[in-house]
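Q: what shape does this take:
(one chain, ligands or ions: 1)
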Amino acid sequence: MNTETSFSELLIDPLAQPSRPPSTTVLMAEPTYFDVEYVINPHMAEHVGGVDRDRASRQWAALKDVYEGLGLVVEVLPAEPGLVDLVFIANQSFPTQPIEGPPTAILSNMHAPQRRAEVPVVARWLEARGWRLVSIEDEDTHFEGMGDVNWHPGRRVVYGGFGWRTTRNAYSHRNYEVDAPVVALELVDTRMYHLDTCFSPLDEHTALICAEAFTPQSLALLEASFPRLLRAPLDEAVGLLSCNGHCPDQRHFIVQRGASRTNQLVREAGFEVVEVDTSEFLKSGGSVQCMKLMLD
Ligand code: ARG
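A: The predicted structure is shown next:
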């Protein structure tokens with residue numbers, strides 16, 4: 001019996017899937033205790049103890065202002081002493097946007113033991129606001145929330161990264177219940193360890209990617225899903241996390257400043273680039289996309 005899944009079986013036409021309303025609300029986590037204390041990705045290696053917290057707080061507040069300036073509501077999760085990576089609020093959960101019923105989130109089962117205590121903090125915040133929570137608890141199934149998953153803009157299709165943090169089997173776990181098919185994408189470069197470090201969907205037709213982060217088959221899936229794929233140069237994707245920007249409205253792209261070639265590509269494709277400085281957070285391997293959670 002042939003157990004291989006053929007390429008055509010993996011193909012999904014995003015525009016044939018039901019539509020999804022635009023995001024209105026993001027969650028950010030206060031950066032009060034943000035630091036680089038351990039090394040769980042290559043970006044952190046040179047920076048243990050090297051964070052300027054005042055500068056980080058100013059950069060975080062400026063990013064919050066940008067979201068509010070674009071008309072989004074920003075909710076804020078209070079900081080927790082000791083949880084230095086909690087500020088990367090994309091990682092502890094995945095709000096699944098069910099078609100019916102209460103707001104629901106899948107809680108992460110973090111790969112790095114150093115980050116596991118962040119999950120109950122986010123869970124309590126969501127629970128207090130009436131969210132239904134589901135857990136992925138198996139020891140051999142890791143899942144890092146919206147660090148590794150993202151929506152097709154305006155459509156009920158999910159892209160799910162795996163390979164470094166999230167394991168492939170997360171997407172077949174009994175509690176991975178999402179009203180949308182998942183396009184699973186394998187990541188191969190340890191510097192781009194989460195899907196959000198190498199993939200930023202911009203509008204229904206366009207995504208920004210770093211091609212070197214994906215297996216050839218995963219790249220082919222992306223090519224089939226987005227008629228227009230903008231390819232960020234590897235040095236900017238790795239050095240400035242230029243694919244870790246966020247386009248909340250299919251129009252504005254909020255991104256680390258200074259990635260001039262990537263940002264020019266995005267501009268030429270018709271988007272308005274809004275540059276911010278997240279240099280303190282880059283020391284930990286995170287930037288804009290990691291610093292917010294899309295609650296809807
Ligand atoms: N230091 C954090 C880690 O390695 C950074 C996480 C960045 N978040 C993201 N969604 N890429 O886990």
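Q: burial of residue 22, as a residue count?
A: 12 (other C-beta atoms under 10 Å). All C-beta spots, glycine's among them, are computed from the backbone N, C-alpha and C.
Q: skipping its backbone neighbours, what lies nearest it in space?
A: Spatially, and ignoring its direct neighbours in sequence, residue 22 is nearest to residue 249 (6.1 Å; C-beta to C-beta, 6 or more residues apart in numbering).
Q: wasn't that neighbour part of a helix?
A: No - judged by DSSP: H, G, I helix; E, B strand; the rest coil, residue 249 forms no part of a helix; its state is coil.
Q: now residue 252. Its backbone dihedrals?
A: When read as degrees, to the nearest 10, the backbone of residue 252 gives phi -100, psi 140.
Q: got the residues of the stretch 101-250 of the chain near the ligand?
A: 115, 147, 194, 196, 197 (C-beta under 6 Å from any ligand atom).
Q: contacting residues for the residue nearest to residue 22?
A: 22, 23, 70, 71 (C-beta atoms under 8 Å, 6 or more residues apart in numbering).
Q: what residues sit buried inside stretch 252-272?
A: 252, 253, 254, 255, 256, 259, 262, 263, 265, 266, 271 (16 or more other C-beta atoms under 10 Å).
Q: the residue nearest to the last one when sequence neighbours are not counted in helix, strand or coil?
A: Computed as C-beta to C-beta, 6+ apart, the closest residue to residue 271 that is not its neighbour in sequence is residue 253, at 4.8 Å. Per three-state DSSP, the local secondary structure of residue 253 is strand.
Q: tell me where the stretch 1-150 of the chain has strands.
A: Under the criterion DSSP state E, counting those that start in this stretch, the stretch 1-150 of the chain contains strands at 25-29, 73-77, 93-95, 104-107, 132-135, 149-151.
Q: quick check: which of the buried residues of stretch 252-272 are also close to the ligand?
A: Okay, of those, nothing touches the ligand (C-beta under 6 Å from any ligand atom).
Q: count the neighbours of whichever residue of the stretch 1-150 of the chain sits closest to the ligand for me.
A: Closest approach between the stretch 1-150 of the chain and the ligand, counting by C-beta to the nearest ligand atom: residue 147, at 3.3 Å. Other residues within reach of residue 147, judged by other C-beta under 10 Å, total 28.
Q: ok, now how distant is it from residue 161?
A: Look at residue 147 and residue 161: by C-beta to C-beta, to the nearest Å, they are 8 Å apart.
Q: what touches both of those two?
A: When contacts are counted by C-beta under 8 Å, 6+ apart, residue 147 and residue 161 are jointly contacted by 194, 195, 196.
Q: for the first one, list the residues it contacts.
A: This points to residue 194. Counted by C-beta under 8 Å, 6+ apart, residue 194 has contacts 91, 144, 147, 148, 161, 164, 165, 187, 290.
Q: if we use 6 Å, what do you get?
A: 147, 148, 165 (C-beta atoms under 6 Å, 6 or more residues apart in numbering).
Q: pipe the residues you listed into CSV and attach pLDDT and distance to residue 110 per row.
A: CSV is the format used below for those (pLDDT from 0 to 100; distance: C-beta to C-beta, whole Å):
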residue, pLDDT, distance to residue 110
147, 98, 9
148, 98, 11
165, 98, 8
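Q: hmm, back to that, now, among the buried residues of stretch 252-272, which is nearest to residue 36?
A: residue 256 (17.0 Å; C-beta to C-beta).
Q: need the pLDDT of that closest one.
A: As predicted, residue 256 sits at a pLDDT of 98.
Q: residue 238 is in contact with that one, correct?
A: No - taking contacts as C-beta atoms under 6 Å, residue 256 lies outside contact range of residue 238: 12.0 Å.
Q: who's in contact with the nearest residue to residue 262 once chain neighbours are set aside?
A: Distances taken as C-beta to C-beta, 6+ apart put residue 242 closest to residue 262, at 3.8 Å, once the chain neighbours are dropped. Going by C-beta under 6 Å, 6+ apart, residue 242 touches 232, 236, 259, 262.
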